[in-house]
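> I'll drop the sequence and a predicted model, then ask my questions.
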Amino acid sequence: MIQRVQICTATLFILLLNSIFAQDTIALRYSSYIKAATINKHLSVLASDSLEGRETAQPGMVKAAKYVSEQFAANGLPPVINNSYFQRIPLANFSKSVFSLKVGDNMFSSPDDYFISEAPPTASVKAKEIVFAGYGITDSVSGWNDYLNIDVTGKILLILEGEPVDKKGNSLISKSELPSSWKSDRSAKLQLARSKKPGFILFVGADYKSMAERFTKRVASNRLMLDTEENANHTPVAYISRTTADKFISMSGMDLNDHEKAISKKKKFTAQIIPVKTEFSIAMEKTSCTNVLGYLEGSDLKDEVIVISAHLDHLGKRGDKIYYGADDDGSGSASILTMMEVFAKAKREGHGPRRSLLFISFTGEEKGLLGSDYYSDHPIFPMEKTIVDLNIDMIGRVDTLPHVSKNYTYLIGSDKLSSQLHRINENANASCCQLELNYKYNDPSDRERLYYRSDHYNFAKHNVPVIFYFTGIHEDYHKPTDTIDKIDFEKTSGIVKLVFNTAWELANRNERIVVDVVNDFK
């Protein structure tokens, strides 16, 4: 009896191994159809002169989206959004906005006196007074509170960059000669200020001139934002110069220098009400663009979805120069089309995935991850049914850092939410590709902070496991010289095979991967 059980157990184990081996063999066979020439074919279109750099909401990007949708249709992937492949993304063009700021009887001009860094697509704010809240700091450790006993709800709030110091220049927050984080952390100050629900924030910049110059460059590059209900309620923020601030702070009988000296002497600050009529308005031009979605339906586990993504947009034209974006992210966009073709072929031949695959060409990545941000908040398939996002962004080149060989890829995020995902990807590499897997940018302390800088992040923030495949920043990054002749297609195809085999395993395994890691990125 024991011997028979052992024989049966051994037989079952062998059958299981044979089943796994057969599936791996099938995956490897289909991944062999991923060819450098196919990637080249697609990239030759996406990085061509006629697409003019594929800038978001511009004609070249519309052409690129049409090309991608035609590839989905040609391979039998059905439209899934109201009989369309396109998910419309409502946008507002910050660079084509009309705004005004009047304080008292003075009209101020941008960018000489102020510039708008954040705002809803349309806004109009009027008030009879400005609340001056010093440095805009509330610090529980030191006990400092610039908002003590004041209510700024719906009002115009004025705060200073920097932090309070004593007569010797020591921080009154850290209580030492070392500055606190409040000195330079503008985002923390603005987050705190927004939590007080003001109608408008005036932020006095310490180095206004250089800030305004950077702002002018950003606006010149066709700055866009999502035109959504959430952004419609966004508190507008204007950075102003000290000269501008003094023009109405002086109505309190003191200028900025007087206030700063008083704070240093008294080691405290009491909010000031400046009785001056203030009016602000902004209206942005409305536009739109599209994500392109290709859906390959699974079989018995079709309600669960594997997302494979890349961003289709790049920087467009600057004058008469085309920023081709062959690597960024033409390489990723051509790669997901190549993978899509092979998965579609496998399905036609009776080896379709158990889980569904969703190929997404995102728009607006270069404008602030806009397309993926919109999709993650307005998903076509529920986020709770989305198993993973495998995101490809710039895999066609070799960077300047040392590597064992050119056949490497950086992996970012693979272990941040799911330890299973990390192992599956490494096992796929061992069986199919033998690439050098480099985790340099996976370190939370890495200054490039790439975990936050491509479309996968908008899935991760919804607790969907991700992998970001990337081969590094090179000398042609965001330059017109990022052209197709510099792409190493054999190298690229090796990485695409890794993504394919990872996706195959994720799509066909019995159990979906679990989220078992607390993300350690801060």
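Perfect, thanks for sending it.
> drop to CA atoms for contacts and neighbour counts, all remaining ones
Will do.
> quick one: what helix or strand has Leu190 in it?
According to DSSP states H and E, Leu190 maps onto helix 186-195.
> Only the buried residues of that helix, if you could.
186, 189-190, 193-194 (16 or more other Cα atoms under 10 Å).
> Equivalent analysis for stretch 29-38, please.
30-31, 33-36, 38.
> ditto for stretch 126-146
126-127, 129-138, 144-146.
> State the mean pLDDT of that stretch.
Across stretch 126-146, pLDDT averages out at 95.
> Enumerate residues external to it that contact any of its residues.
Residues from elsewhere that reach stretch 126-146 (Cα atoms under 8 Å, 6 or more residues apart in numbering): 147, 152, 155-164, 172-175, 182, 189, 192-193, 268-280.
> Buried among those residues? Need that as a selection in PyMOL.
Buried residues among those (16+ other Cα under 10 Å), as a PyMOL selection:
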select buried, resi 147+152+155+156+157+158+159+160+161+162+163+164+172+173+174+182+189+193+269+271+273+274+275+276+278+279+280
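> Narrow the contacts of stretch 126-146 to those in strands?
156-160, 272-274, 278-280 (DSSP state E).
> Just the closest of the residues you listed to Ser241, please.
Comparing the ones in strands among the contacts of stretch 126-146 against Ser241 with Cα to Cα places Leu160 closest, at 10.2 Å.
> check contacts around the closest one.
With Cα under 8 Å, 6+ apart, Leu160 has these contacts: 134-136, 203-206.
> And Ser281, by the same measure?
Neighbours of Ser281 in contact, by Cα under 8 Å, 6+ apart: 99-101, 122-125.
> who's in contact with the residue nearest the centre of the chain?
In the chain, the centroid-proximal residue (Cα atoms, centre = their mean) is Leu369; its distance is 3.7 Å. Contact analysis of Leu369 by Cα under 8 Å, 6+ apart lists 363, 453-455, 458.
> ok so, going back, which of the contacts of Ser281 sits closest to Leu293?
Thr122 (30.1 Å).
> Out of the helices and strands in the protein, which is least certain?
Using mean pLDDT, DSSP states H and E, helix 2-31 stands out as the lowest-scoring helix or strand of the chain, at a mean of 58.
> so after that helix, what's the next helix or strand?
Defined by DSSP H and E, the subsequent element after helix 2-31 is helix 36-46.
> Off-centre distance for stretch 302-321?
How far stretch 302-321 lies from its chain's middle: 12 Å, per Cα atoms, centre = their mean, to the nearest Å.
> how about that stretch: buried residues?
302, 304-317.
> Which of these fall in strands?
Using DSSP E, the buried residues of stretch 302-321 in strands are 302, 304-311, 316-317.
> Now distance to Ile484 and pLDDT too, for the residues you listed, in CSV please.
What follows is these, written out as CSV (distance: Cα to Cα, whole Å; pLDDT from 0 to 100):
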residue, distance to Ile484, pLDDT
Lys302, 37, 98
Glu304, 36, 98
Val305, 32, 98
Ile306, 29, 98
Val307, 26, 99
Ile308, 23, 99
Ser309, 20, 98
Ala310, 17, 98
His311, 17, 98
Gly316, 15, 97
Lys317, 16, 95
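> Using CSV, lay out these together with distance to Ser356.
What follows is these, written out as CSV (distance: Cα to Cα, whole Å):
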residue, distance to Ser356
Lys302, 5
Glu304, 6
Val305, 5
Ile306, 6
Val307, 9
Ile308, 11
Ser309, 14
Ala310, 18
His311, 20
Gly316, 33
Lys317, 37
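> that older thread, just among the contacts of Leu369, which is most surrounded?
Among the contacts of Leu369, Thr363 has the most neighbours (other Cα atoms under 10 Å), with 33 neighbours.
> Please name the residues that touch the nearest residue to that one once chain neighbours are set aside.
Excluding the flanking residues, the one nearest Thr363 by Cα to Cα, 6 or more residues apart in numbering is Gly371, at 4.8 Å. Gly371 makes contact with 89, 290-291, 362-365 under the criterion Cα under 8 Å, 6+ apart.
> Could you rerun that using 7 Å?
Going by Cα atoms under 7 Å, 6 or more residues apart in numbering, Gly371 touches 89, 291, 362-365.
> for it, helix, strand, or coil?
Per DSSP: H, G, I helix; E, B strand; the rest coil, the secondary structure class of Gly371 is helix.
> what about it, distance to Ala64?
15 Å (Cα to Cα, to the nearest Å).
> domains in the protein, as residue ranges please.
Domain ranges of the chain: 26-78+297-508, 93-284, per automatic domain parsing.
> and the shortest one, how far apart are its ends?
The first and final residues of domain 93-284 sit 6 Å from each other (Cα to Cα).
> Kindly confirm whether my reading is correct that Ser356 touches Ile306.
Yes. Counting by Cα atoms under 7 Å, Ser356 touches Ile306, with 6.2 Å between them.
> circling back: if we take the contacts of Leu369, which one ends up nearest to His378?
Asn458 (11.6 Å).
> dump the residue contacts of Pro379.
Here Pro379 is in contact with no residue (Cα under 7 Å, 6+ apart).
> hey, where'd the helices end up in the stretch 251-400 of the chain?
Taking DSSP state H, counting those that start in this stretch as the test, the helices found in the stretch 251-400 of the chain are 256-266, 332-348, 370-377.
> Remind me what the longest one packs against, helices and strands.
Meaning helix 332-348. helix 36-46, strand 301-311 (3 or more Cα pairs under 7 Å, 6 or more residues apart in numbering; DSSP states H and E).
> re the thing from before, going by distance to Ile116, which of the contacts of Leu160 wins?
Phe203 (10.0 Å).
> on that earlier part again, biggest separation within the buried residues of helix 186-195, which pair?
Arg186 and Arg194 (12.1 Å).
> Among the helices of the stretch 251-400 of the chain, which comes closest to Phe468?
helix 332-348 (10.9 Å).
> Any idea how far the closest one is from the middle of the chain?
With Cα atoms, centre = their mean, you get 24 Å for helix 332-348.
> For that helix, give me every contacting residue.
30, 33-34, 38-39, 42-43, 75, 308-312, 352, 359, 361, 392-395, 496, 500.
> Over to stretch 109-120?
212, 231-241, 244.
> And stretch 451-467, by the same measure?
365, 369, 372-373, 376, 386-391, 411-414, 417-418, 468.
> Inside strands: which ones of these?
386-391, 411-412, 468.
> Output those as CSV; include the columns pLDDT and neighbour count.
As requested, these are arranged in CSV below (pLDDT from 0 to 100; neighbours: other Cα atoms under 10 Å):
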residue, pLDDT, neighbour count
Thr386, 98, 23
Ile387, 98, 23
Val388, 98, 27
Asp389, 98, 26
Leu390, 98, 24
Asn391, 98, 24
Leu411, 98, 22
Ile412, 98, 25
Phe468, 98, 26
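> Generate JSON lines for the residues you listed, with distance to Asp476 as supplementary columns.
Compiled in JSON lines, the ones in strands among the contacts of stretch 451-467 are given as follows (distance: Cα to Cα, whole Å):
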{"residue": "Thr386", "distance to Asp476": "35"}
{"residue": "Ile387", "distance to Asp476": "34"}
{"residue": "Val388", "distance to Asp476": "31"}
{"residue": "Asp389", "distance to Asp476": "27"}
{"residue": "Leu390", "distance to Asp476": "25"}
{"residue": "Asn391", "distance to Asp476": "21"}
{"residue": "Leu411", "distance to Asp476": "21"}
{"residue": "Ile412", "distance to Asp476": "22"}
{"residue": "Phe468", "distance to Asp476": "20"}
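> can you name the two of those that are farthest apart?
Thr386 and Leu411 (20.2 Å).
> what's the neighbour count on Met211?
16.
> Flag every buried residue along the helix or strand where it lies.
Following DSSP H and E, one finds Met211 within helix 208-220. Judged by neighbour count using 16+ other Cα under 10 Å, the buried positions of helix 208-220 are 208-209, 211-212, 219.
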